[in-house]
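>>> just need the structure, nothing else, for what follows:
(one chain, ligands or ions: 3)
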Amino acid sequence: MFHSTTNKNLIHWIEECATLCVPQNIVWCDGSEEEQNVLIKSMTDQGELISLNPDHFPSSYLYRSHPNDVARDESKTFICCEHKSDSGPTNNWMSPQQAEQSIKPLFQNCMKQRTMYIIPYVMGPIDSPFSKVGIQITDSPYIVINMNIMARVGNDALKKLGNSHDYVKGMHGLGTLDPNQRFIAHFTESNTIWSINSGYGGNALLSKKCFALRLASVMGKNEGWLAEHMLILGIRTPENKQHYVVAALPSSCGKTNLAMLQPPYSIKGYEITTVGDDIAWLRFDDQGVLRAINPEAGFFGVAPGTNTTTNPNAMNMIHRNTIFTNVGLTDNRCPWWEGMSEPPETAIDWQGTTWTPNNNTCAAHPNSRYTTPLTECPTLATTWDDPQGVPISAIIFGGRRAKLTPLIYQAYSWNHGVFIGATMASETTAAATTPVGTIRRDPMAMRPFCGYHIGDYFNHWLDFGKNNQSPPVFAVNWFRTNDNGQFLWPGFGENFRVLQWIIERCEGIAEAQETPIGMIPYASDIFAEDLNVPHSIQQELLSVTPTHWLNECEDIDIFFQTVGSSLPSALIQEHQSLKGRLKNALL
Ligand code: GTP
Ligand code: SPV
Ligand code: MN
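Ligands and ions are numbered 1, 2, ... in the order given. As a prediction, the model looks like this:
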């Protein structure tokens, strides 16, 4: 067994895993191009990967996952800490002892006649003091080739780790893919993850949601920082001022698209750059400046809806070195998905069967994705790998709400901003296996990803900004619809107009009007004439209807009751103030 580590703790853990899973052989991954090519070749030879048309999509491949394994499974995701009360009302809980009894046996012999890959990786810039090391074990070559894109894989990780015990142990087995025996278990007190019977996305790429959010959120609480489900983007103004903002939007609610947006043609002199599209680790530096790093090294982006108009930068980026999962395949071996272009006359759908536009089904699964290295992104910020992270000017929360919440508003204070984040709600999407389209509270877009009690998490947020130069907080909603379900706001690149207002608020340039829920822009600051949004829709997009919001407050009350006694009094206070302002507005 070749490896370049003398870390006894690590070697011992690997031996334990091997004894349990009984693989035929063990391979230490180095993240090299050669390793990637060898794995891809063997997978294409075995028909597990389909090589795409090299004229249009060089070094790009299609993978089809098992039809019952196409999204994160929140009902099979557990926090395994000693005390149930530490996991809180938003998590499934299982005691570590119970996990030992009911999950561990599922790994027994699970790698028989298979190869066990050991993937050492770093989350964050290799030399950053904020980065952390993880080791993932897996028997899925598909997961290895994805991890090689999504994280900084290789011997640098082993070097960084040295003989330390401080790394995240991730054990992943494909098992039988039986969804009833599927478990994604997080041992938040021993930095360990067990994932069995899924090979898809956040269930199986253990660096991503399992480590960089669920375990990291607990590390952040203990160490004074935040692990968030946020994109990080740069905005350089025509006056050459460089800003960065972070934005938390729930799964499949627009982070990747916002992170690499192309400003409208009519707006000159601004530059948008991309640091991250899904996860941010945030901390205040010695000067009290909020800084963010992207712990990841690649995109695992939603394919449907991506096209040359909605996201030209992504379309450009995914034309090479990309692994597509569960998209359709055209006759000339190019990927296709709903919303990409006019449908082809015939195609092979994501399950491998013949498809035509007359079929009542989708060619691509709604949660089909592309995996592409960050370095392929045409808007990648030069600072993306800065060990110190980038300084943050504003925090944005958002969700998918067909009704109620306006396009954009600003919080009155840090505590009010934390209240807005904590009480966000959003319609569920295909990113998880739960039914799509129902509104649920999704605090800070972290409901499925906060690894500890959500009330303690709110307290941590309040404390985090208390003694620092906390940036202003905003809320956005790109997804208001009319009664026919059509979006009222053009979205995508036009979201830049909202970002511009945010930056002008940060710089003290733009004005705002006070409403009971927060400060909103004057319509003329958002809706330039070239946008062609009718006056009545402008009004609707910025409207705040107190009676509707009072109903929302009742729903927030119900949510707050579920949080229980650790709900911070500052948030109860904010809620009272909001209700007071709404009632005043009705007088
Ligand atoms: P995850 O990777 O699941 O965390 O998703 P995400 O938050 O990165 O969302 P993404 O940017 O991939 O967008 C998800 C879906 O929403 C895609 O189908 C997009 O086309 C669509 N979308 C993104 N931004 C907008 C927008 O401004 N308006 C509208 N109408 N749709 C959008
Ligand atoms: C999400 O669901 O927020 C994702 C996709 O980014 S997954 O990696 O599957 O979590
Ligand atoms: Mn995400």
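
>>> need the phi and psi values for residue 366.
Note on residue 366: its backbone torsions stand at phi -60, psi -20 [degrees, to the nearest 10].

>>> which strands and helices lie in contact with the helix or strand containing residue 219?
Per DSSP states H and E: residue 219 is located in helix 216-223. Contacts defined by 3 or more CB pairs under 8 Å, 6 or more residues apart in numbering; DSSP states H and E place helix 216-223 against strand 226-228, helix 454-466. The C-beta positions use only the backbone N, C-alpha and C, and glycine is treated the same way.

>>> quick check: closest non-adjacent residue to the residue of the stretch 101-250 of the chain found nearest ligand 3.
Nearest residue of the stretch 101-250 of the chain to ligand 3 (CB to the ion) works out as residue 229 at 5.9 Å. Leaving out its chain neighbours, the residue that sits closest to residue 229 by CB to CB, 6 or more residues apart in numbering is residue 445, at 4.5 Å.

>>> now the helix or strand hosting residue 170, how far from the chain's geometric center?
Assigned by DSSP H and E, residue 170 belongs to strand 168-173. Distance, stretch centre to chain centre, for strand 168-173: 20 Å (CA atoms, centre = their mean, to the nearest Å).

>>> what sits up against that strand?
Contacts to strand 168-173, defined as CB atoms under 8 Å, 6 or more residues apart in numbering, come from residues 13, 17, 21, 106-107, 110-111, 132-140, 143, 190-197, 204, 206-207, 210-211, 215.

>>> what does stretch 509-519 give?
406, 409-412, 416, 420, 475, 501, 504-505, 520-522, 525, 544, 546, 549, 578, 581-582, 584-585.

>>> residues in contact with residue 19?
Neighbours of residue 19 in contact, by CB under 8 Å, 6+ apart: none.

>>> quick one: it from ligand 1, how far?
36 Å (CB to the nearest ligand atom, to the nearest Å).

>>> helix/strand/coil for that residue?
Each residue gets one of three states, and residue 19 gets helix by DSSP: H, G, I helix; E, B strand; the rest coil.

>>> could you number the chain from 12 rather than 1 from now on?
Shifting the count to begin at 12 puts that one at residue 30.

>>> from residue 150, how far off is it?
Plainly put, residue 30 is 15 Å away from residue 150 if you go by CB to CB, to the nearest Å.

>>> what do you get for residue 67?
Residue 67 is 32 Å from residue 150, by CB to CB.

>>> compare the two and say which one has the larger neighbour count.
residue 150 (22 against 14; other CB atoms under 10 Å).

>>> the more buried one reaches residue 122, doesn't it?
Yes: with contact defined as CB atoms under 8 Å, residue 150 counts as touching residue 122 (4.5 Å).

>>> between the two, which contacts overlap?
Shared contacts of residue 150 and residue 122, counting by CB under 8 Å, 6+ apart, come down to 32, 34, 184.

>>> phi, psi of the second one?
Dihedral pair for residue 34: phi -70, psi 160, per degrees, to the nearest 10.

>>> ok, it - how many residues close by?
21.

>>> identify the residues contacting it.
122-123, 125-127, 150.

>>> what angle sits between the strand ranked longest in the chain and helix 227-234?
In the chain, assigned by DSSP state E, the strand with the most residues is strand 126-134. Counting by axes from the mean of the first three to the mean of the last three CA atoms, to 10 degrees, strand 126-134 lies at 40 degrees to helix 227-234.

>>> does anything pack onto strand 126-134? Which helices or strands?
Using 3+ CB pairs under 8 Å, 6+ apart: strand 126-134 touches helix 19-32, strand 36-39, strand 143-149, helix 152-161, strand 163-164, helix 166-172.

>>> rerun that using 10 Å as the cut-off
helix 19-32, strand 36-39, helix 44-56, strand 143-149, helix 152-161, strand 163-164, helix 166-172, strand 179-184 (3 or more CB pairs under 10 Å, 6 or more residues apart in numbering; DSSP states H and E).

>>> got a markdown table for these, with distance to residue 551 and mean pLDDT too?
What follows is these, written out as a markdown table (distance: least, CB to CB, whole Å; pLDDT from 0 to 100):
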| stretch | distance to residue 551 | mean pLDDT |
| --- | --- | --- |
| helix 19-32 | 56 | 98 |
| strand 36-39 | 57 | 97 |
| helix 44-56 | 49 | 98 |
| strand 143-149 | 45 | 98 |
| helix 152-161 | 40 | 98 |
| strand 163-164 | 45 | 98 |
| helix 166-172 | 51 | 96 |
| strand 179-184 | 46 | 98 |
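
>>> need these in TSV (columns: distance to residue 475).
Converted to TSV, the helices and strands packed on strand 126-134 look like this (distance: least, CB to CB, whole Å):
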stretch	distance to residue 475
helix 19-32	32
strand 36-39	38
helix 44-56	38
strand 143-149	19
helix 152-161	27
strand 163-164	26
helix 166-172	26
strand 179-184	22
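
>>> contacts only, for the residue of the stretch 462-598 of the chain found nearest ligand 1.
Using CB to the nearest ligand atom, the closest approach of the stretch 462-598 of the chain to ligand 1 is made by residue 502 at 2.6 Å. Residue 502 sits next to 265, 268-269, 272, 321, 418, 489-490, 509 when contact means CB atoms under 10 Å, 6 or more residues apart in numbering.

>>> closest one to residue 231 out of those, please.
residue 269 (23.1 Å; CB to CB).

>>> look up phi and psi at the closest one.
phi -70, psi -40.

>>> please apply the same query to residue 40.
phi -90, psi 150.

>>> buried ones among the contacts of residue 34?
With neighbours counted by 16 or more other CB atoms under 10 Å, the contacts of residue 34 contain buried members at 122, 125-127, 150.

>>> now the residues you listed as CSV including distance to ligand 2 and pLDDT?
Output for the buried ones among the contacts of residue 34, formatted as CSV (distance: CB to the nearest ligand atom, whole Å; pLDDT from 0 to 100):
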residue, distance to ligand 2, pLDDT
122, 23, 98
125, 23, 98
126, 24, 98
127, 23, 98
150, 19, 98
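
>>> quick check, nearest of these to ligand 1?
residue 150 (25.2 Å).

>>> on the pLDDT front, check the residue of the stretch 112-261 of the chain closest to ligand 3 for me.
Reading off the confidence values, residue 240 has pLDDT 98.

>>> touching, it and residue 293? I think so.
No: if you go by CB atoms under 10 Å, residue 240 and residue 293 don't touch, sitting 11.5 Å apart.

>>> more crowded one of the two?
residue 240 (26 against 21).

>>> run through the residues that contact that one.
Counting by CB under 10 Å, 6+ apart, residue 240 has contacts 220, 223-224, 228, 258-262, 264, 266, 289-291, 453, 455-461.

>>> mind redoing it with 8 Å?
Residue 240 neighbours (CB under 8 Å, 6+ apart): 224, 259-262, 266, 289-290, 455-457, 460.

>>> do the same with residue 403
243, 255-257, 293, 300-303, 482.

>>> if you set the cut-off to 6 Å instead, what comes out?
255, 257, 301, 303, 482 (CB atoms under 6 Å, 6 or more residues apart in numbering).

>>> quick one, what contacts residue 154?
residue 215.

>>> what's the spacing between it and residue 166?
Where residue 166 is concerned, residue 154 sits at a distance of 19 Å (CB to CB).

>>> how much space between residue 196 and ligand 1?
Relative to ligand 1, and taking CB to the nearest ligand atom, residue 196 is found at 22 Å.

>>> can I get the helix or strand where residue 569 lies in PDB, CA atoms only?
Assigned by DSSP H and E, residue 569 belongs to helix 557-574. The C-alpha trace of helix 557-574 is given here as PDB (Å, rounded to 0.1, in the frame of the first residue of the first chain):
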ATOM      1  CA  PRO A 557     -48.600  44.900   6.100                       C
ATOM      2  CA  THR A 558     -51.600  42.500   6.400                       C
ATOM      3  CA  HIS A 559     -49.700  39.900   4.400                       C
ATOM      4  CA  TRP A 560     -46.600  40.400   6.500                       C
ATOM      5  CA  LEU A 561     -48.600  40.100   9.700                       C
ATOM      6  CA  ASN A 562     -49.600  36.600   8.500                       C
ATOM      7  CA  GLU A 563     -46.000  35.900   7.800                       C
ATOM      8  CA  CYS A 564     -45.300  37.000  11.400                       C
ATOM      9  CA  GLU A 565     -47.700  34.300  12.700                       C
ATOM     10  CA  ASP A 566     -45.800  31.700  10.700                       C
ATOM     11  CA  ILE A 567     -42.500  33.100  12.100                       C
ATOM     12  CA  ASP A 568     -44.000  32.700  15.600                       C
ATOM     13  CA  ILE A 569     -44.700  29.000  14.900                       C
ATOM     14  CA  PHE A 570     -41.200  28.500  13.700                       C
ATOM     15  CA  PHE A 571     -39.800  30.400  16.700                       C
ATOM     16  CA  GLN A 572     -41.800  28.100  19.000                       C
ATOM     17  CA  THR A 573     -40.000  25.100  17.500                       C
ATOM     18  CA  VAL A 574     -36.600  26.600  18.200                       C
END
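
>>> thanks a lot, catch you later.
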